[in-house]
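Enquirer: build me a model from this:
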Amino acid sequence: MHLAAAMKVRKQLVIETPTWNKPIEPYGNPFILVQNPAVAGKNLDYYRYDGSGIRGSAQEIIKCMNSVSVDAVWQAVADAVKNLP
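Expert: Presented below is the predicted three-dimensional model:
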């Protein structure tokens with residue numbers, strides 16, 4: 001994601017992670033965020049800048065990322081392609 005942003009790849013599709021926050025967005029490049037229903041805006045429940053690392057077991061993080069459906073990603077791709085100039 002960051003390398004693609006540095007190379008100015010347009011319309012990146014980024015899947016929301018439990019640690020998603022403003023500082024890790026693709027810098028200076030528009031992107032499309034695929035919402036993660038398990039995160040639902042509770043990103044700081046998983047990670048805070050306190051030196052403690054990511055909260056949640058490996059199984060919890062996997063379950064969280066599995067909550068993003070193939071259909072949601074496909075819809076984001078279809079919308080991005082449909083809106084190409």
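
Enquirer: in this structure, which helix has the most residues?
Expert: Secondary structure of the chain per DSSP state H: the longest helix is helix 70-82.

Enquirer: next, the buried residues of that helix.
Expert: Under the neighbour-count criterion of 16 or more other C-beta atoms under 10 Å, helix 70-82 has residue 76 buried. (C-beta placed from N, C-alpha, C; glycine too.)

Enquirer: what does that helix contact?
Expert: Here helix 70-82 makes contact (C-beta atoms under 8 Å, 6 or more residues apart in numbering) with 11, 13, 15, 32, 34, 35.

Enquirer: name the element the closest residue to the fourth one other than its chain neighbours belongs to?
Expert: Once flanking residues are discounted, residue 32 sits nearest to residue 13: 5.1 Å by C-beta to C-beta, 6 or more residues apart in numbering. Residue 13 belongs to strand 12-15 when elements are defined using DSSP states H and E.

Enquirer: for that strand, buried residues please.
Expert: 12, 14, 15.

Enquirer: by contact count, what packs against that strand?
Expert: Counting contacts by 3 or more C-beta pairs under 8 Å, 6 or more residues apart in numbering; DSSP states H and E, strand 12-15 is packed against strand 31-34, helix 70-82.

Enquirer: got a list of contacts for the first one?
Expert: Just to be clear, that refers to strand 31-34. Residues contacting strand 31-34 (C-beta under 8 Å, 6+ apart): 1, 5, 11-16, 20, 25, 68, 72-73, 76, 79-80.

Enquirer: what's the farthest-apart pair in the residues you listed?
Expert: 5 and 72 (21.8 Å; C-beta to C-beta).

Enquirer: low-confidence ranges in this structure?
Expert: In the predicted model of the chain, residues 48-49 satisfy pLDDT under 70.
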